[in-house]
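*Asks:* Have a look at this prediction, sequence included:
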Protein chains: 2
Amino acid sequence: MIILKVGGSILTNKDSESEVDTVSLKRIAGEIKRSLDNSAKELIIVHGAGSFGHPPAKKHKIGERFSPEEYCQKRVGFCEIQNEVKKLNMFICEAFIEEDLPVIAIPASSFITATNKRITDGNLDSFKRYLNKGFIPVIYGDVVLDNELEFCVISGDQLIQYLAMNLNPTQVILGTDVDGVYDRNPKTHDDARFFERFSSLEDLNTFEGTTNVDVTGGMVGKIKELLFLADLGIESKIINAEVEDNIFKVLENEEVKGTIISRGN
Amino acid sequence: MIILKVGGSILTNKDSESEVDTVSLKRIAGEIKRSLDNSAKELIIVHGAGSFGHPPAKKHKIGERFSPEEYCQKRVGFCEIQNEVKKLNMFICEAFIEEDLPVIAIPASSFITATNKRITDGNLDSFKRYLNKGFIPVIYGDVVLDNELEFCVISGDQLIQYLAMNLNPTQVILGTDVDGVYDRNPKTHDDARFFERFSSLEDLNTFEGTTNVDVTGGMVGKIKELLFLADLGIESKIINAEVEDNIFKVLENEEVKGTIISRGN
């Protein structure tokens, strides 16, 4: 079984709130469809919240501690975020269904709970049932109840880690808007060094210790999640999903530029 | 705790596919808000699929037996229906959130399974968790996996029955587009007899046995679900949610015209 994450940054227009990048979305849906037509694969899709989820999450500061009198307002904020990411998911599923992909949404907010922003409970029986019937379960960055903080946001990256840890996939792929991991932002630094492989938390320490760490948004968070998996012996790969055919190729086990996160070398 | 169903026929425009009745929706959201402001109440909202769910469900004939070669097509049809009812739910939640109602969707397709179109499994822990935190869980007519038929549709009315049976509400209210149960369609028959109360399956037999049964769509199905509840000692009431203030009044335990489904008299 393959877990494929498609970053929110690829599926939404970063510059405008709650707007889908329909061109990227259609292309990616098409690439997945082509690969599945080529050979049957069990697949789970995880997507980010992109410009649908981040603005309301920031506005309502979900995941931060708050005083009791703020409770009601936070709670409605939580609902607003759930509804916004559901809207993005609805557009994504629509595009995938148009390609005849049997995508079925299983929102994190409906079955997962967390403690201090980490998933501590979430029964995956529904995932297994839908996978057994040949569906493609879809889950996405969402809000969930938190035993310590009342409410928190769970990123698509943490979801990958949780799913992979519990469902033992053969491949874990993260489609982002960069080729993989660099020590600086490659879009602004010509001399940015590319990492073909990350092997341990020590690599990350070295990486974070470089004088000019300027990684693209959330990359350190992604790597941390994936290193948890590496420690469990589950390899993952960060690739650029904006490059045409990269998703198709990686699903077909063809060579694609990217950073492999794995234990050992 | 109160379970309130708002019929799909009230929230969507019957004559056009996938169109929300924004005026009714806003009014009903406002009535619920006013009642909650008046006095705190635990509330679950169930809504129908209306003109979002019924056309694709009919097109794909979900719930009917099919031959193996139709499997893939049915499966995508199932996904299409899930996405359409999710879209309706998204619009409904949006309107409710605008009124500061903390509505949180828990889709049936993400945790319920059925056998021969009847719910046989569905863990309600998420409902309890959200209720405990003062949220209003929202569930709606949806598709679910079926152990016998592969796929089936679960109506909002069956969901009410399942929730009520397991969560022991103090009130079960069905907001429809008629005043309650008549022996004929009151919109076309001036002499239609109104039932203030239904007490047993025998009442229903008499009702079905009348020579001029012309009930509005799905009313018999509704009554059957509610009689299951009556047999468990849970009373329910069918009211007209199109009449302004009816939802507010019934939530406030004020007198509203309607049909009570209960055991005994």
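*Replies:* Thanks, I have it.
*Asks:* which one is A:Y71 nearest to, not counting chain neighbours?
*Replies:* If the residues on either side of it in the chain are set aside, A:Y71 comes closest to A:E150, at 7.5 Å by Cβ to Cβ, 6 or more residues apart in numbering or on different chains. In this view, the C-beta of every residue, glycine as well, is placed from N, C-alpha and C.
*Asks:* If you could redo that for A:S51, that was the one I meant.
*Replies:* Take A:S51 and drop its neighbours on the chain: the residue closest to it by Cβ to Cβ, 6+ apart is A:T12, 4.3 Å away.
*Asks:* how many neighbours does the one residue in the stretch 151-265 of chain A that gets nearest to chain B have?
*Replies:* The nearest approach of the stretch 151-265 of chain A to chain B comes at A:F151, 8.7 Å away (Cβ to the nearest Cβ). Look at A:F151: counted by other Cβ atoms under 10 Å in any protein chain shown, it has 23 neighbours.
*Asks:* so who does it touch?
*Replies:* The contact partners of A:F151, by Cβ atoms under 8 Å, 6 or more residues apart in numbering or on different chains, come to A:62-63, A:74-75, A:78, A:143-145.
*Asks:* one more time with 6 Å
*Replies:* Residues in contact with A:F151 (Cβ atoms under 6 Å, 6 or more residues apart in numbering or on different chains) are A:62, A:78.
*Asks:* do you know how far the closest residue to A:K128 other than its chain neighbours is from A:L124?
*Replies:* Closest residue in space to A:K128, ignoring its immediate chain neighbours: A:L167 at 7.7 Å, by Cβ to Cβ, 6+ apart. Distance check for A:L167 against A:L124: by Cβ to Cβ, to the nearest Å, it reads 6 Å.
*Asks:* ok, now A:M165?
*Replies:* Remark: distance between A:M165 and A:L124 (Cβ to Cβ) = 10 Å.
*Asks:* quick one: which of these two has more around it?
*Replies:* A count of neighbours by other Cβ under 10 Å puts A:L124 above the other of A:M165 and A:L124, at 18 against 14.
*Asks:* Flag every residue of chain A that's near chain B.
*Replies:* A:75-76, A:79-80, A:83, A:86-87, A:90, A:93-94, A:97, A:100, A:102-104, A:106, A:110-111, A:126, A:129, A:145 (Cβ under 6 Å from any Cβ of the partner chain).
*Asks:* One more pass at 8 Å, please.
*Replies:* Applying Cβ under 8 Å from any Cβ of the partner chain, we find that chain A lies next to chain B at A:72, A:75-76, A:78-80, A:82-83, A:86-87, A:89-90, A:93-94, A:97, A:100-107, A:109-111, A:113, A:123, A:126, A:129-130, A:133-135, A:145, A:150.
*Asks:* Could you report the neighbour count for A:E196?
*Replies:* 10.
*Asks:* Disregarding residues adjacent in the polypeptide, which is nearest to it?
*Replies:* Nearest to A:E196 is A:T259, by Cβ to Cβ, 6+ apart, at 6.4 Å.
*Asks:* export the host helix or strand of the one you found as CSV, just CAs?
*Replies:* Here A:T259 sits within strand A:258-261, counting by DSSP states H and E. Taking Å, rounded to 0.1, in the frame of the first residue of the first chain, the C-alpha atoms of strand A:258-261 are listed here in CSV:
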residue,chain,number,x,y,z
GLY,A,258,13.9,13.7,-4.3
THR,A,259,15.1,13.3,-0.8
ILE,A,260,14.8,9.9,0.8
ILE,A,261,14.3,9.8,4.5
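*Asks:* Give me the distance from that strand to the chain's centre.
*Replies:* Strand A:258-261 sits 15 Å away from the centroid of its parent chain (Cα atoms, centre = their mean, to the nearest Å).
*Asks:* just stretch A:238-251 next, same as before
*Replies:* Mean-position distance between stretch A:238-251 and its chain equals 15 Å (Cα atoms, centre = their mean).
*Asks:* any idea of the mean pLDDT in that stretch?
*Replies:* Averaging pLDDT along stretch A:238-251 gives 97.
*Asks:* what about that stretch, start to end distance?
*Replies:* Start and end residues of stretch A:238-251 are separated by 13 Å (Cα to Cα, to the nearest Å).
*Asks:* contacts for that stretch?
*Replies:* A:2, A:4, A:6-7, A:10, A:24, A:27-28, A:31-32, A:34-35, A:41, A:171, A:173-181, A:222, A:226, A:237, A:255-259, A:261.
*Asks:* Name all residues that make contact with the residue nearest to A:S109 when sequence neighbours are not counted.
*Replies:* Spatial nearest neighbour of A:S109, excluding adjacent residues (Cβ to Cβ, 6+ apart): A:D142 at 4.8 Å. Residues in contact with A:D142, defined by Cβ under 8 Å, 6+ apart, are A:49, A:53, A:81-82, A:85, A:107-109, A:112, A:153-154.
*Asks:* Mind checking which of the contacts of stretch A:238-251 land in helices?
*Replies:* Residues from the contacts of stretch A:238-251 lying in helices, with DSSP state H as the criterion: A:10, A:24, A:27-28, A:31-32, A:34-35, A:222, A:226.
*Asks:* mind putting these in CSV, neighbour count included?
*Replies:* Converted to CSV, those look like this (neighbours: other Cβ atoms under 10 Å in any protein chain shown):
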residue, neighbour count
A:I10, 22
A:S24, 19
A:R27, 19
A:I28, 28
A:E31, 22
A:I32, 23
A:R34, 15
A:S35, 21
A:K222, 27
A:L226, 28
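*Asks:* on that earlier part again, tell me how far the residue nearest to A:Y71 lies from A:R65.
*Replies:* For A:E150 relative to A:R65 (Cβ to Cβ), the value is 9 Å.
*Asks:* what is in contact with these two at once?
*Replies:* By Cβ under 8 Å, 6+ apart, no residue touches both A:E150 and A:R65.
*Asks:* which of these two has more neighbours?
*Replies:* Neighbour count, other Cβ under 10 Å: between A:E150 and A:R65, A:E150 has more, with 16 against 9.
*Asks:* which residues does A:I44 form a beta bridge with?
*Replies:* On the basis of DSSP bridges, A:I44 is bridged to A:I3.
*Asks:* Hmm, it is touching A:V6, no?
*Replies:* No: assessed by Cβ atoms under 8 Å, A:I44 is found out of contact with A:V6, at 11.5 Å.
*Asks:* where along the stretch 151-265 of chain A do the helices fall?
*Replies:* Here the stretch 151-265 of chain A has its helices, by DSSP state H, counting those that start in this stretch, at A:156-167, A:201-209, A:219-231, A:246-251.
*Asks:* Out of these, flag the one nearest A:I119.
*Replies:* In this view, these are compared for proximity to A:I119 by Cβ to Cβ, and helix A:156-167 is the closest at 4.8 Å.
*Asks:* helices and strands around that closest one, which ones?
*Replies:* strand A:2-6, strand A:43-47, strand A:118-122, helix A:125-132, strand A:136-140, strand A:171-176, helix A:219-231 (3 or more Cβ pairs under 8 Å, 6 or more residues apart in numbering or on different chains; DSSP states H and E).
*Asks:* Let me see the residues that make contact with the last one.
*Replies:* When contacts are defined by Cβ under 8 Å, 6+ apart, helix A:219-231 is touched by residues A:155, A:157-158, A:160-161, A:164-165, A:172, A:174, A:176, A:178, A:181, A:198-201, A:204, A:207-208, A:235-236, A:238, A:261-263.
*Asks:* ok so A:T113 is a strand residue?
*Replies:* Yes: the assignment for A:T113 is a strand, going by DSSP: H, G, I helix; E, B strand; the rest coil.
*Asks:* I'd say it and A:N147 touch.
*Replies:* Yes: counting by Cβ under 8 Å, A:N147 is a contact partner of A:T113 at 6.7 Å.
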